[in-house]
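Asks: Any chance you can model this:
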Amino acid sequence: MEQYIIKGGNPLVGEVEIGGAKNAALAILAAAIMTDETVMIDNLPDVNDINVLLEAIEGIGAMVQRIDRHTVKINGSGIRSFDIEYDYIKKIRASYYLLGALLGKYNHAEVALPGGCNIGSRPIDQHLKGFRALGADVDIEHGKIIAETEHLVGKHIYFDVVSVGATINVMMAAALADGQTIMENVAKEPHVVDVANFLNSMGANIRGAGTDVIKIRGVSRLHRTSYSIIPDQIEAGTFMFAAAATRGDVTVLNVIPKHLEATIAKLVEIGCEVEEFDDAVRVVSKGDLHNTHVKTLPYPGFPTDMQPQIGVTLALCKGTSTITESIFENRFKYLDELARMGANVKIEGNSATIEGVEKFSAARVSAPDLRAGAALVIAGLAADGITIVDDIVYIQRGYERFEEKLRSLGAMIEKVSTEREIQKFRLKVG
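Replies: Numbering: from 1, shown residues only. Next comes the predicted model:
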């Protein structure tokens, strides 16, 4: 089992290049099979989730050709199976995007009920409501969602709750439905907009992505395209909070600052200096940082995927901070691990109260999920002594070359898998 071993105490300093957005890429790869022509996608992050989804796509008969680490060609003309096995879905929840893609293209899809990170209940009832509204029969049998129809017909759909997954999944299916679909109370996240732009580059007719209402005029077929994924705002935000927590000076490159507004606002509130450029953001953390209050909300609010990273940073800020988690109920698991490092935290329901401490002490901790794992690495970077983070398979699902990028900023971190490698690291760093 691989682990990260970290000697903390070094401020992170320098520049780091941000990769493509994992959450956008997963949906775009699924949408790529909706044409029989070849689609080329670049700026893909080379992370486990992406590689598993590409295996799933290949498993149903599509041609998948890796051009290089960040570029892939996909051709969906050879698809003969509409059944996505549980082995794929249990590894990555986003395999469910193949439901909307296959239903739109073939009027039939079978996908195992999803797995993914253990951060709480993420029901897919809004996905199923959307598919049914478009005219599909949807049943759950033997642990599978089975959706089929003679043809999909555009409809006016109002989602009961804002759901990124449902917005994207139903949008894909509706792109090839007869007539017009109007979707209201939809998610506005940057990756929703990116998927809409990708579908439009294949000949779809989608308007309004990024607003409360998306209008889709169905087309009969989609065609080839070449497309570049947007930068990953969560990876960028993770390095920005790592700069804050370690009292560093980090410039994140290849970003869209507009997507980072909520993150930037909180960094400024706690006392960091933030400088924005056309496609970069610099975060400088000097002197004492102070407390603030955070509530996670759908975009453009503060993202739930950035909550553990700001939580670790607030645990090192003067005063009392509160975090209210309004999206996922299990998102505070990392705070139990952080308490082992000396953090002063109290959790009540969906709120956490964090009393800032001067510094963390190193400990052995375990990553409970993807973003929490990255946050615990930040804690290790800011701690006195040597921290070991277990279960880093979660982190590798969503961060490409995480330890390499951190080392380029001056971090003392290595990936290890044996006690001997741990001892070697301890000897090396003294």
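Asks: lowest-confidence helix or strand of this structure?
Replies: Every helix and strand in the chain was compared by mean pLDDT, DSSP states H and E; the lowest is helix 86-89, with a mean of 71.
Asks: Check which element follows that helix along the chain.
Replies: Counting by DSSP states H and E, the next helix or strand C-terminal to helix 86-89 is helix 97-106.
Asks: on contacts alone, who are the packing partners of that following helix?
Replies: Using 3 or more C-beta pairs under 8 Å, 6 or more residues apart in numbering; DSSP states H and E as the contact test, the elements touching helix 97-106 are helix 22-31, strand 108-112, helix 125-133, strand 144-148, helix 164-175. Backbone N, C-alpha and C define where each C-beta goes, glycine included.
Asks: need these in CSV with mean neighbour count, distance to Ile84 and mean pLDDT, can you?
Replies: Compiled in CSV, these are given as follows (neighbours: other C-beta atoms under 10 Å; distance: least, C-beta to C-beta, whole Å; pLDDT from 0 to 100):
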stretch, mean neighbour count, distance to Ile84, mean pLDDT
helix 22-31, 28, 10, 97
strand 108-112, 21, 4, 91
helix 125-133, 20, 14, 95
strand 144-148, 20, 9, 92
helix 164-175, 28, 13, 97
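Asks: Just tell me which of these ends up closest to Met341.
Replies: Each of the helices and strands packed on helix 97-106 was scored for nearness to Met341 using C-beta to C-beta, and the closest is helix 22-31 (27.0 Å).
Asks: Output the closest one as PDB, nothing but the C-alphas.
Replies: Taking C-alpha atoms only, helix 22-31 is exported to PDB below (Å, rounded to 0.1, in the frame of the first residue of the first chain):
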ATOM      1  CA  LYS A  22     -10.900  15.900 -13.800                       C
ATOM      2  CA  ASN A  23     -14.700  16.500 -13.400                       C
ATOM      3  CA  ALA A  24     -15.000  18.100 -16.800                       C
ATOM      4  CA  ALA A  25     -12.800  15.400 -18.500                       C
ATOM      5  CA  LEU A  26     -14.900  12.500 -17.100                       C
ATOM      6  CA  ALA A  27     -18.100  13.800 -18.600                       C
ATOM      7  CA  ILE A  28     -16.500  14.800 -21.900                       C
ATOM      8  CA  LEU A  29     -14.900  11.400 -22.300                       C
ATOM      9  CA  ALA A  30     -18.400   9.800 -21.900                       C
ATOM     10  CA  ALA A  31     -19.900  12.300 -24.400                       C
END
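Asks: Let me know the average pLDDT across the helix or strand that it is followed by.
Replies: Note on helix 22-31: by DSSP H and E, the next helix or strand toward the C-terminus is strand 38-42. Over the span of strand 38-42, the pLDDT mean works out to 98.
Asks: Would you indicate which residues of the next helix or strand after strand 38-42 are buried?
Replies: On the C-terminal side of strand 38-42, the closest following helix or strand by DSSP H and E is helix 48-59. Buried residues in helix 48-59, counting neighbours by 16 or more other C-beta atoms under 10 Å, are found at 48-54, 56-57.
Asks: Tabulate those in JSON lines, adding columns for distance to Ala352 and pLDDT.
Replies: What follows is the buried residues of helix 48-59, written out as JSON lines (distance: C-beta to C-beta, whole Å; pLDDT from 0 to 100):
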{"residue": "Asn48", "distance to Ala352": "29", "pLDDT": "90"}
{"residue": "Asp49", "distance to Ala352": "27", "pLDDT": "90"}
{"residue": "Ile50", "distance to Ala352": "31", "pLDDT": "94"}
{"residue": "Asn51", "distance to Ala352": "34", "pLDDT": "92"}
{"residue": "Val52", "distance to Ala352": "32", "pLDDT": "90"}
{"residue": "Leu53", "distance to Ala352": "33", "pLDDT": "93"}
{"residue": "Leu54", "distance to Ala352": "37", "pLDDT": "95"}
{"residue": "Ala56", "distance to Ala352": "36", "pLDDT": "91"}
{"residue": "Ile57", "distance to Ala352": "39", "pLDDT": "95"}
